[in-house]
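Engineer: fold the following and give me the result.
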Amino acid sequence: MCLAGQVGGHGATNLYSASLPTGAPLTATGWKVDRDETGAPSPLAGSELSRGWDSGGGRHCPSYVKGWDPAKGAWVERIYYAGSVENLWGPYSIGFLEWNGSAWEDCQQPAFRANEEWENGSVYEPNLIYHDGKWKMWYVAGSNQENYLVHCYAESESGIGDWSQRHVFAGPELRMFDFCVRPRGAGFDAIFARVWVGADTPPPETGLWWCRGSKPWSHLSAWSQPVQIMTAEDKGWHSGPWKPTFQFDENMGGRALVFFDGSYRTTDPGPFPFAFTLGCVDVELPIAKA
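Structural biologist: Okay, the predicted model is just below:
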């Protein structure tokens, strides 16, 4: 598992890994953060190359994907993420770490930057798959501070700079945050979050939602009618889930483990009195007509 975090709760966030015991089946519990010889959490990669664009705000919202790199003529593994040169609040660009066969390497330049008026100068929360010869990405644009979030789509042959089909996937009224796509059978499932950043009680539609498509469609209207699978009910250690990612149990049809981010308020008097958490929900996803 790849996750973002802060050692000691301070400083820029970075990407780390957590593992289950060797040979263990996929479960919601039993994960341990991978550590170095000193016992400290071990970052996935250094920042010698990327510090010019991700050093101030750190690395956020990772998304693993394997796809074809036409320049190398080879399959590559990448972990896309959002980073900011300024601070934790952005604005963000999207880049990736790439596996070189023995370690993850950072990149000197981001792979994707905001350049459309409706992106408001910041792009983040990437979720990618490689399908039909394309790197396909769903991402968020805007910012929580401005109370403006729009969900977007783009695709590329290389996954680096030749992005096309760049358009709004879901408007700001839906407050969609993350659109994670996975293949299953002859179609594709997607789980996404709808968030609420206001100080008042979140509306009932806040939470996690599921839909299905015959293809990984680039417009929300082509997917099935979304079904809510989790609300924003305050559980103490989390409320208002976001950043879902999921894996299916190969032996149990539609059973999926959905991992998600959450948060709770702390007594810290500083500018960010919250702690982030990681949770998991076990769901049975139906088959729907795409």
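Engineer: make it CA atoms for all contacts and neighbour counts henceforth
Structural biologist: Will do.
Engineer: skipping its backbone neighbours, what lies nearest Ser17 in space?
Structural biologist: Cys2 (4.5 Å; C-alpha to C-alpha, 6 or more residues apart in numbering).
Engineer: I figured the one you found hits Tyr16, correct?
Structural biologist: Yes - using C-alpha atoms under 8 Å, Cys2 is in contact with Tyr16, at 5.8 Å.
Engineer: the strands in the stretch 51-200 of the chain, which residues?
Structural biologist: 58-69, 74-84, 93-99, 104-105, 123-131, 134-143, 148-156, 163-170, 176-184, 187-194 (DSSP state E, counting those that start in this stretch).
Engineer: reformat those as TSV; add mean neighbour count, mean pLDDT and distance to Glu48.
Structural biologist: Listed next are those as TSV, based on neighbours: other C-alpha atoms under 10 Å; pLDDT from 0 to 100; distance: least, C-alpha to C-alpha, whole Å:
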stretch	mean neighbour count	mean pLDDT	distance to Glu48
strand 58-69	22	96	13
strand 74-84	22	97	14
strand 93-99	24	98	12
strand 104-105	18	97	9
strand 123-131	25	97	22
strand 134-143	23	96	26
strand 148-156	23	96	26
strand 163-170	17	97	26
strand 176-184	23	95	29
strand 187-194	22	96	33
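Engineer: any chance of TSV for the ones you listed, columns distance to Arg35?
Structural biologist: Putting those into TSV (distance: least, C-alpha to C-alpha, whole Å) gives the following:
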stretch	distance to Arg35
strand 58-69	18
strand 74-84	19
strand 93-99	19
strand 104-105	15
strand 123-131	26
strand 134-143	30
strand 148-156	35
strand 163-170	36
strand 176-184	28
strand 187-194	30
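Engineer: hang on, the earlier thing: neighbour count: Cys2 and Tyr16, which is higher?
Structural biologist: Tyr16 (21 against 15; other C-alpha atoms under 10 Å).
Engineer: where's the more buried one relative to Lys32, distance?
Structural biologist: 11 Å (C-alpha to C-alpha, to the nearest Å).
Engineer: tell me the spacing between the residue nearest to Ser17 and Ala18.
Structural biologist: For Cys2, the distance to Ala18 - C-alpha to C-alpha - is 7 Å.
Engineer: one step back: now do the contacts for the residue nearest to Ser17.
Structural biologist: 15-18, 62 (C-alpha atoms under 8 Å, 6 or more residues apart in numbering).
Engineer: got phi/psi on it?
Structural biologist: With angles defined as degrees, to the nearest 10, Cys2 sits at phi -110, psi 130.
Engineer: which residue ranges form the helices in the stretch 151-290 of the chain?
Structural biologist: With helices called from DSSP state H, counting those that start in this stretch, the stretch 151-290 of the chain shows none.
Engineer: surely Leu49 is in contact with Pro110?
Structural biologist: No - using C-alpha under 8 Å, Leu49 is not in contact with Pro110, being 10.6 Å away.
Engineer: who's more crowded, those two?
Structural biologist: Neighbour count, other C-alpha under 10 Å: between Leu49 and Pro110, Pro110 has more, with 23 against 13.
Engineer: and the pLDDT at the more buried one?
Structural biologist: Looking at Pro110, its pLDDT stands at 97.
Engineer: now do the contacts for it.
Structural biologist: Applying C-alpha under 8 Å, 6+ apart, the residues near Pro110 are 53, 93-96, 160.
Engineer: quick check on it: phi, psi?
Structural biologist: phi -70, psi 160.
Engineer: nearest the geometric middle of the protein, what residue?
Structural biologist: Cys61 (4.3 Å; C-alpha atoms, centre = their mean).
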